[in-house]
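1. model this:
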Amino acid sequence: MNAVQILTLTMLFAAGGSAQLLRSGKCPDPAVQANFDAARYLGKWFEIQKLPTTFQKGQCATADYSLKSPGVVGVFNRELLDNGTISSAVGTAKVKDPAEPAKLEVSFSDDVPPGPYWVLSTDYDSYTLIYGCTDYGLFHMELSWILSRKPTLPKDTTEDLLSILSSIGVSVDKMAATVQDETYCSPMNQ
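-> Alright, predicted model coming up:
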């Protein structure tokens, strides 16, 4: 492990329970969505559940995807913070290897390396399951989101998506539900 990886691990451990999920061993290599069609994926998605992260602290989270150019998707994420303000992040997602179009890399800053954004499963019309994992020597850090085209998702669909995550070793008990209550989230619509 090099000095940067050790420093990164130290910072992640110091961040405590609100940090991304850090686990021992290498990242799994799960199957991704076959024949992924980015054009059908574009549009608005509502966050239903996620693995907790250091960079996402709010509720009512949404992601809007738009086509910027061939192979480049614009990303506009928003969330409602506890103090009533709306936080947003603008980025881009790019296909790393055209042979695997469901494996994208997303970047929100030129100062930070892009992170993996893998679409494990989607029907394009109601749900998507996203997974990302980065190796840090003897450890890896996982991110995951379940998104829906509507603010809710049927329980059986959510359970099916959690089962996919569980099958690759993700601690699904760490997934946190995102509030999407219409009244609570109303500032997002103003």
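2. which residue packs closest to residue 162, ignoring adjacent ones?
-> Spatial nearest neighbour of residue 162, excluding adjacent residues (C-beta to C-beta, 6 or more residues apart in numbering): residue 172 at 4.6 Å. Every C-beta, even on glycine, is put in place using the N, C-alpha and C of the backbone.
3. Quick check: that neighbour touching residue 165?
-> Yes. If you go by C-beta atoms under 8 Å, residue 172 and residue 165 touch, sitting 5.3 Å apart.
4. Who has more neighbours out of those two?
-> Neighbours were counted for residue 172 and for residue 165 using other C-beta atoms under 10 Å; residue 165 has more, 23 against 17.
5. Now stretch 65-82: buried residues?
-> Neighbour counts over stretch 65-82 (16 or more other C-beta atoms under 10 Å) mark 65, 73, 75, 77-80 as buried.
6. Same question for stretch 172-181.
-> Across stretch 172-181, burial judged by 16+ other C-beta under 10 Å covers 172, 175, 178, 180.
7. all helices for the chain, in order.
-> Ranges of helices in the chain, per DSSP state H, are 3-15, 38-41, 155-167.
8. Same list, the buried residues of stretch 65-82, but as JSON lines with distance to residue 30 and pLDDT please.
-> What follows is these, written out as JSON lines (distance: C-beta to C-beta, whole Å; pLDDT from 0 to 100):
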{"residue": "65", "distance to residue 30": "21", "pLDDT": "97"}
{"residue": "73", "distance to residue 30": "21", "pLDDT": "94"}
{"residue": "75", "distance to residue 30": "21", "pLDDT": "96"}
{"residue": "77", "distance to residue 30": "23", "pLDDT": "96"}
{"residue": "78", "distance to residue 30": "28", "pLDDT": "97"}
{"residue": "79", "distance to residue 30": "26", "pLDDT": "97"}
{"residue": "80", "distance to residue 30": "31", "pLDDT": "97"}
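9. Tell me the one among the residues you listed nearest to residue 87.
-> residue 79 (5.3 Å; C-beta to C-beta).
10. As a markdown table, the buried residues of stretch 65-82 with distance to residue 118 would be great.
-> Formatted as a markdown table, the buried residues of stretch 65-82 follow (distance: C-beta to C-beta, whole Å):
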| residue | distance to residue 118 |
| --- | --- |
| 65 | 15 |
| 73 | 14 |
| 75 | 15 |
| 77 | 17 |
| 78 | 22 |
| 79 | 22 |
| 80 | 27 |
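11. From those, which land in strands?
-> Secondary structure assignment by DSSP state E places 65, 73, 75, 77-80 of the buried residues of stretch 65-82 in strands.
12. Tell me which two of the residues you listed sit farthest apart.
-> Spatial extent of these (C-beta to C-beta) is set by the pair 73 and 80 at 23.6 Å.
13. And the residue nearest to residue 162, how far from residue 108?
-> Distance of residue 172 to residue 108, given as C-beta to C-beta, to the nearest Å: 26 Å.
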